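[1] build me a model:
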Amino acid sequence: MGELAPAKPKVMKNIVAGNWKSNKLMPEALELMNEVQAGLDSIQNTEVIIAPPSPYLAALAENKKGALAISAQQCSATGMGAHTGEHTAEMLKSTGAEWVIIGHSERRERFGESNEAVRSKLELALEAGLHVLLCCGESLSNRESGNHFDWVQSQLEDALQNVSDQAFDQVVIAYEPIWAIGTGKTASSDQAQEMHAFIRNWLSKRYGDVSAAACRILYGGSCKPSNADELFAQPDVNGGLIGGASLNAEDFLAIVRAAEAQD
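    Sure thing, here's the model as predicted:
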């Protein structure tokens, strides 16, 4: 893949990204985006991203205002061609999207997305000039067996094996404790910090201390207004990839304000 010029941020902003998944009709999506935008006037030190369903990307990108960024929820593992129903990274970029989520646990588990597919999508997205929210995380069985660190490391090693130091500037990591999502179990802020610190330590060995320190690592568990402050106060938690709470503007903005308060 092509080399990209390094662009290390002088100040690392937290990120709060809302993954809307398969929710909202088009008018509802525009309304939600407008409600979110209306609450961002005082936000200075947090990057805010929304990831609507792909049919809405162009319309929302055209109508967005200010610093709000638009993300796709995934991209194709191939380029253009006879791939019915697939959306290439270049197509997503052409809609006005700036980001793409890759390797989300729902894509891996429900749609059989392999590590190889994740790696291909990541490389194609970077080549297209998109920023990437790269997801990783372990299941309940991995966690209970004590294999969770090795599992997450293997996901990152596979996905990033061909990503240069320069291209890595476009990557943000999102840790998903799959074992604590919809299982009745809860991931504590200490457990989140433990894994985030592990990820940053591995990134330091892979890309060096400067790149590792500059990389934002988001928490992709059940983050909501009631626990956002505690989670974001952890030294290696740089914001969140938000699911259900992002579908309500008031809740999502409360999480954004929690991230803003950490700067």
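[2] neighbours around the nearest residue to H83 once chain neighbours are set aside, how many?
    If the residues on either side of it in the chain are set aside, H83 comes closest to S76, at 6.3 Å by C-beta to C-beta, 6 or more residues apart in numbering. Bear in mind the C-beta positions are built from the backbone N, C-alpha and C, glycine included. For S76, the count of nearby residues is 21 (other C-beta atoms under 10 Å).
[3] my guess is S76 meets E90, correct?
    No: using C-beta atoms under 8 Å, S76 makes no contact with E90, being 9.5 Å away.
[4] re the thing from before, please, which helix or strand holds the residue nearest to H83?
    Using DSSP states H and E, S76 sits in no helix or strand.
[5] swap in H196?
    Here H196 is covered by helix 189-207, with elements defined by DSSP H and E.
[6] residues contacting that helix, please?
    136, 148-149, 152-153, 156, 160, 165, 168, 173, 175, 177, 211-213, 215, 217, 219, 221, 227, 230-231, 233-237 (C-beta atoms under 8 Å, 6 or more residues apart in numbering).
[7] apply 6 Å and report the result again.
    For helix 189-207, contacts defined as C-beta atoms under 6 Å, 6 or more residues apart in numbering pick out 149, 153, 165, 168, 173, 175, 212, 215, 217, 219, 230-231, 234, 236-237.
[8] repeat for stretch 108-126
    Against stretch 108-126 from outside (C-beta under 6 Å, 6+ apart): 1, 75, 77, 89, 100, 102-103, 107, 132, 158-159, 167, 170.
[9] out of those, which are buried?
    C75, A77, A89, V100, I102, G103, R107, V132, D158, A159, A167, Q170 (16 or more other C-beta atoms under 10 Å).
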